[in-house]
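> Here is the input, now give the coordinates:
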Amino acid sequence: MSTPLDDPRGFLRALYKAAVARALPEVVINRFLPPPPKGRTLVIGAGKAGAAMAAAVDALWPQHEPLSGLVVTRYEHVPPAYKAKPGRIEVVEAAHPVPDAAGQRAAQRIAALAQGLSADDLVLCLISGGGSALLAMPATGLTLADKQAVSKALLRSGAAIDEMNCVRKHLSAIKGGRLAALCAPARVVTLLISDVPGDAPEIIASGPTVPDPTTCADALRILKRYAIAIPDAARRGLESGEFETPKPGDAVFAGNQVAMIATPQQSLEAAAQCARDAGIAAHILSDEIEGESREVGKVHAALARAVARRGEPFAKPCVILSGGETTVTVKSKGGRGGRATEFLLGCAIALQGERGVYALAADTDGIDGVEDNAGAIVTPDTLARATALALKPLDFLDRNDAYSFFAPLGDLVVTGPTFTNVNDFRALLIV
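As a prediction, this is how the structure comes out:
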């Protein structure tokens, strides 16, 4: 592995790679698989890691035991080997972050498969981040176009992930525990890869198979807070309580099991160990950092400057790691970029070329927002190189166009889909 002094960029990329590797389904899923049931085993699920989780289950499940099912994942998120040679679990692809007709068809098929099961049957539900958009089954009276409009408004609003998913699950016929209700009386074992701060099962992919502690009233308050318009049918369903979700203690969840097979904290710890193995001290701030991406970038920059200038609160050389899910309040329709690149642009502006400070931020699924990059890298000469190209960082930040800032600098991190998803990864190296 590259050392920080001779190749800071390579070193940061190695830390990111270690974080992703720790969360790969084929690495972590084996010890969480239950024994085969008396009846049949149905595999269902959704998320950016869905196809990779299905491939891992298919490879590990005894060949003589019956196994079938359907999992939906994002376009281009099927591992090449499983796409070339499909297994016993069907995988379909759909759109993310805004749902499409393919996701609606997949959700309808999954709902149909879940019905008619017996108490002797086992349902393995494979859930990872992205499932909220991929399981697109609108509540009664709503259309796919309604769901798409609300999803777009939520994504642009700056709402936190728990707020967005509270609304999503109450406008859905399959999320918020409703899928578990469809599966009853079969036993449901849900295997989760967490992409949310706090690893709350009911937030990941809007919790299709777990109890939902939030209410229709909560969803209405969130919609009001962010001034998001909804169709009359949606308002009626929320105000009347018709769209209420199954709550903790509901009998439909009796005997079910939930297992968290990969989390953001575990990936940060893997990156920290990678750094320590190279002789660099590593400090994990938190795996639950939220807030506006650009503002979080400023805070990280302030901490890095304190280390660089005063050796406080950490001695250099060191790596500062963090995770979570920041947000971007979109103010310009023409901008390109996601949470990671906007974080880095805010960070770079605040660092003002601080000597010895390097930063990488990337989404662990390999896709920052809807672009083709996972994230980007900031170096001490980022702003100087931008000036030489007549790039004005504040202008790019104002129009939410961080991708277009880092692209001409050659500083984008492009990995392609990683087939897992434990959310944001950020690493600041101070040497």
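
> ok, residues contacting stretch 386-397?
294, 335, 342, 345-346, 348-349, 383, 402, 404-405, 408-409 (Cβ atoms under 8 Å, 6 or more residues apart in numbering). Just so you know, the C-beta spots here come from the backbone N, C-alpha and C atoms, and that holds for glycine as well.

> change it to 7 Å
Arg294, Leu345, Gly346, Ala348, Ile349, Leu383, Ala402, Ser404, Phe405, Pro408, Leu409 (Cβ atoms under 7 Å, 6 or more residues apart in numbering).

> list the contacts for the second one?
So that's Leu345. Neighbouring residues of Leu345 by Cβ under 7 Å, 6+ apart: Arg294, Pro393, Phe396, Leu397, Ala402, Phe405.

> Rebuild those as a markdown table, extending it with neighbour count, secondary structure and pLDDT.
Converted to a markdown table, these look like this (neighbours: other Cβ atoms under 10 Å; DSSP: H, G, I helix; E, B strand; the rest coil; pLDDT from 0 to 100):
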| residue | neighbour count | secondary structure | pLDDT |
| --- | --- | --- | --- |
| Arg294 | 22 | helix | 96 |
| Pro393 | 17 | helix | 97 |
| Phe396 | 24 | helix | 96 |
| Leu397 | 21 | helix | 95 |
| Ala402 | 34 | helix | 96 |
| Phe405 | 28 | helix | 98 |
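
> and which of the residues you listed is nearest Pro36?
Distance to Pro36, by Cβ to Cβ, is smallest for Ala402 among those, at 48.3 Å.

> Pick the one among the contacts of Leu345 closest to Asp121.
Closest approach between those and Asp121, by Cβ to Cβ: Ala402, at 47.9 Å.

> isn't the closest one right next to Ala340, touching?
No: if you go by Cβ atoms under 7 Å, Ala402 and Ala340 don't touch, sitting 8.4 Å apart.

> Strands along the stretch 1-150 of the chain, start to end?
41-46, 67-74, 89-94, 122-128 (DSSP state E, counting those that start in this stretch).

> Please flag which of the contacts of stretch 386-397 sit within helices.
Arg294, Leu345, Gly346, Ala348, Ile349, Leu383, Ala402, Ser404, Phe405 (DSSP state H).

> Any regions of this structure where pLDDT drops low?
1-3 (pLDDT under 70).

> mind running it again at 90?
1-6, 155-158, 160, 197, 328-335, 337, 369-370 (pLDDT under 90).

> measure the residue lying closest to Asp195 once chain neighbours are set aside to Arg355 for me?
Using Cβ to Cβ, 6 or more residues apart in numbering and skipping the chain neighbours, the partner closest in space to Asp195 is Gly129 (2.9 Å). Counting by Cβ to Cβ, to the nearest Å, the gap from Gly129 to Arg355 is 37 Å.

> ok, the two, which is more surrounded?
Gly129 (31 against 11; other Cβ atoms under 10 Å).

> for the more buried one, what are its contacts?
Gly129 sits next to Gly47, Lys48, Asp195, Ile204, Ala205, Asn421, Asn423 when contact means Cβ under 7 Å, 6+ apart.

> so which of those residues is the most crowded?
Counting by other Cβ under 10 Å, top hit in these: Ala205 with 34 neighbours.

> so that one, which of the three states?
helix (DSSP: H, G, I helix; E, B strand; the rest coil).

> now it, nearest residue through space, not along the chain?
In space, Ala205 is closest to Gly131, 2.7 Å off (Cβ to Cβ, 6+ apart).

> Surely that neighbour is in contact with Pro201?
No: with contacts defined as Cβ under 7 Å, Gly131 does not count as touching Pro201, sitting 11.8 Å away.

> so who does the residue nearest to Gly249 when sequence neighbours are not counted touch?
If the residues on either side of it in the chain are set aside, Gly249 comes closest to Pro211, at 7.3 Å by Cβ to Cβ, 6+ apart. With contact set as Cβ under 7 Å, 6+ apart, Pro211 has these partners: Gly177, Glu202, Pro246, Lys247, Pro248, Asp250, Phe253.

> Counting neighbours, what do you get for the last one?
The burial count assigned to Phe253 is 20, neighbours taken as other Cβ under 10 Å.

> was I right about it contacting Leu179?
No: Phe253 is beyond contact range of Leu179, at 11.3 Å (criterion: Cβ under 7 Å).

> can you pull out the helices in the stretch 101-250 of the chain?
Remark: helices assigned in the stretch 101-250 of the chain by DSSP state H, counting those that start in this stretch are 101-114, 131-134, 144-157, 161-170, 178-183, 216-225, 232-240.

> Tabulate the strands of the stretch 1-150 of the chain (TSV), appending distance to Leu15 and mean neighbour count.
Listed next are the strands of the stretch 1-150 of the chain as TSV, based on distance: least, Cβ to Cβ, whole Å; neighbours: other Cβ atoms under 10 Å:
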stretch	distance to Leu15	mean neighbour count
strand 41-46	29	28
strand 67-74	25	25
strand 89-94	30	21
strand 122-128	22	28
